[in-house]
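Q: let me see the structure of the following:
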Amino acid sequence: MLALGNHQLLIGYILLYHPGEESTMDSITDVSVYSALCLLVSCVLVVLGKITWEFVFSQDDQHKPSPPSLHPVPTLLTSVTIMSMYRFFGCCFKPMPDTVPIVSGTKMVPPDQKKVMLWAPPRSLSTAFERCLSTLMDQGRNITIFHEPFTTAYHLGPERQMKMPLEPLKFTVEESKYSYAWVKQHLEQDFPESEVVFAKDLGYSVSNRMQYLPEGFQHTFLIRKPEKVFRSFNTLLSKPLMRLTRIKLADVLPQGWVFQEMYELYQYITETLGQEVIIIDADDLIQYPEEVLEMYCEATGIPFSPNMTVWGKGKDDLKRWHLSKRLLFVNSVVGQYDRAFSTRGLTKPTHHSTHRPTEEDLTGDTQLAIEVSRPYYEKLYEKRLIPPSLSGGQREEDVCSEADDAGEEHSLLINAS
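A: So this is what the prediction gives:
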């Protein structure tokens, strides 16, 4: 059944994201429901096949051959064909733009409007941090949030810098309009109603394309220990669906293993743009969430609220963010957002995980990535904002345990109620 479920997710992906349209699906639950419809169609095909077989040979029982075995994969592919034709002719979902149209300057932009970029490595709790800022919307603040537009350009756009691991599915995931110039233009447009324009992206996504950094933004970094980043990635790639596709770490990350690219971005911002970079650390965020959020907000001018650590439903945030639906679905299928969108807040952990993976548990790529990344992380770590509670003292080491073979965010994030 697990394998069958994986097939359904892939089918849902193909159906929802054929070229030229945007899906209105904005949550993992919606996608699961739609995938279940594909499974239902497959079951109906199986039943109809058996009924037809019985009817055709009902008059000649002596020469009646045994019914053929119906393998699930061909049956599912047949259901894909039927449902895709149905979708193609416009009977399922209407297309929906995945970002705001460019606004002409008919209204005055608030003079104190803050525009902030957050750059982070993957698997660094950056989406959880994004959800913290999203709570400002619930408090009546006008805030516009962009989720990983440059990452979409890097992996799925016409100028993508990473070869797609699954070439046969390329036509279903391409984002033809997500060029780097297009992303820059959309981030730089006027947002007359917004107090804050916030964009979160992966630090390596502008590697070799730093000339497209949007003007008018303050740049900030969220970093995390390479051991935790890549062990978490190792766990992600160990899930059944990812093992089936045989995707390796080197297939989805740049040659510098993320942290080198992030440090090069830091140098560009500080030396070429002449801007100070605000840096926070994920372990500090977990250990002292309110303090780190308050420091970050004070440094960037974003309004702070003690309620930032308590979130609403992930579905609500997805409806309000500007993002690529294709990127969202890809990351949802592989489990990239499992914790960030299923939990309801960010609080200090109360227990440690009892299992710590050994070096033997890690792939060669993972060990190499950790070794290469550590010096770059340490350089950035030295420049981070230090929570007041750490002044004159030391942080509890390994509060968010490096163990994550069941998904390390179990001990990092929250109350899932």
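Q: would you agree V197 falls within a strand?
A: Yes: assessed by DSSP: H, G, I helix; E, B strand; the rest coil, V197 belongs to a strand.
Q: and it, how many neighbours does it have?
A: 24 (other CB atoms under 10 Å). C-beta coordinates here come from the backbone N, C-alpha and C atoms, glycine included.
Q: for the remainder of this discussion, apply numbering that starts at 38.
A: Sure thing, new numbering starts at 38, so read that last one as V234.
Q: run through the bridge partners of it.
A: K152, T181 (DSSP bridges).
Q: quick one: F296 and W156, what's the gap?
A: Per CB to CB, to the nearest Å, F296 is found 12 Å from W156.
Q: which parts of the stretch 188-337 of the chain are strands?
A: 233-239, 255-260, 315-318 (DSSP state E, counting those that start in this stretch).
Q: now render those as a markdown table, adding distance to F267 and mean pLDDT.
A: Shown next, in a markdown table, are the strands of the stretch 188-337 of the chain (distance: least, CB to CB, whole Å; pLDDT from 0 to 100):
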| stretch | distance to F267 | mean pLDDT |
| --- | --- | --- |
| strand 233-239 | 14 | 98 |
| strand 255-260 | 13 | 98 |
| strand 315-318 | 16 | 98 |
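Q: format the ones you listed as a markdown table; extra columns: distance to M345.
A: Below are the strands of the stretch 188-337 of the chain laid out as a markdown table (distance: least, CB to CB, whole Å):
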| stretch | distance to M345 |
| --- | --- |
| strand 233-239 | 13 |
| strand 255-260 | 15 |
| strand 315-318 | 13 |
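Q: among those, which comes closest to P195?
A: P195 lies closest to strand 233-239 among those, at 17.9 Å (CB to CB).
Q: hmm, back to that, what's the closest of the strands of the stretch 188-337 of the chain to A190?
A: Counting by CB to CB, A190 lies closest to strand 233-239 out of the strands of the stretch 188-337 of the chain; the figure is 9.6 Å.
Q: CA atoms of that closest one as PDB?
A: The C-alpha trace of strand 233-239 is given here as PDB (Å, rounded to 0.1, in the frame of the first residue of the first chain):
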ATOM      1  CA  VAL A 233       6.500  44.700   5.300                       C
ATOM      2  CA  VAL A 234       7.600  42.800   2.200                       C
ATOM      3  CA  PHE A 235       9.400  39.600   3.300                       C
ATOM      4  CA  ALA A 236      11.000  37.000   1.000                       C
ATOM      5  CA  LYS A 237      12.500  33.800   2.200                       C
ATOM      6  CA  ASP A 238      14.900  31.900  -0.200                       C
ATOM      7  CA  LEU A 239      17.700  29.300  -0.200                       C
END
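Q: what sits up against that strand?
A: Residues outside strand 233-239 that contact it (CB atoms under 8 Å, 6 or more residues apart in numbering): 150-159, 163-164, 166-167, 170, 173, 178-188, 191, 224, 228, 251, 254, 295, 339-340.
Q: taking these, please make a PyMOL selection of just the buried ones.
A: Buried residues within these, by 16 or more other CB atoms under 10 Å, are selected in PyMOL with:
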select buried, resi 150+151+152+153+154+155+156+157+158+159+163+164+166+167+170+173+180+181+182+183+184+185+186+187+188+191+224+228+251+254+295+339
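Q: mind checking which of the contacts of strand 233-239 land in helices?
A: When DSSP state H is applied, these are split such that S163, T164, F166, E167, L170, L173, P186, F187, T188, Y191, L224 fall in helices.
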